[in-house]
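> what follows is a predicted structure for the sequence shown.
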Amino acid sequence: MALLRVGALPEASLAAAARFHAETLPRIAAALAGADSHLVIVFEPADYTHRSWRLAAVQQLARDHAPLRVNALAADDARAIAAAEAYLGAAPGVTGQYLLLDGQGAEKVLSKTG
């Protein structure tokens, strides 16, 4: 499994989507070329106006690169990201999902160590 962090994007959703498609998609293509089974894309948290374009992007990536799995997270909490990454790694049927994480107890739900 590979993990790719998107990094900071503009606050406005259209500007963020434009920058993602122009600058981040080439990095995702390179990561997918080297992925063995699954890529997790990590976005920084953003307001609800970003959900639709992010979900559409991850769903299309999952369709285009099947049988590789592609999922995305929106989080800035390292423990929540690690727990979700562990969960997704053990869930071979999950692909094309965009999960919003807040780090408020998700680790115990998602982690086998909790």
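Structure received. All figures in this text were calculated on a predicted structure; none of them were measured in a lab.
> what about the strands in this protein?
In the chain, the segments counted as strands under DSSP state E are 2-7, 38-43, 69-74, 98-100.
> could I get these as CSV with distance to residue 90 and mean pLDDT?
(Glycine included, C-beta is placed from N, CA and C.) Rendered in CSV, the data for those read as follows (distance: least, C-beta to C-beta, whole Å; pLDDT from 0 to 100):
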stretch, distance to residue 90, mean pLDDT
strand 2-7, 15, 94
strand 38-43, 10, 97
strand 69-74, 12, 97
strand 98-100, 15, 96
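> looking at those, which is closest to residue 27?
strand 2-7 (6.4 Å; C-beta to C-beta).
> list the buried residues in that closest one.
Judged by neighbour count using 16 or more other C-beta atoms under 10 Å, the buried positions of strand 2-7 are 3-4, 6.
> I figured residue 54 hits residue 73, correct?
No - with contact defined as C-beta atoms under 8 Å, residue 54 does not reach residue 73; the gap is 10.1 Å.
> please name the nearest non-neighbouring residue to residue 97.
Counting by C-beta to C-beta, 6 or more residues apart in numbering, the nearest residue to residue 97 once its immediate chain neighbours are dropped is residue 71, at 4.8 Å.
> coming back round to it: tell me which of the strands of the chain lies nearest to residue 87.
Each of these was scored for nearness to residue 87 using C-beta to C-beta, and the closest is strand 98-100 (9.1 Å).
> just the terminal-to-terminal distance for stretch 19-36.
Taking C-alpha to C-alpha, to the nearest Å, the first and last residues of stretch 19-36 lie 27 Å apart.
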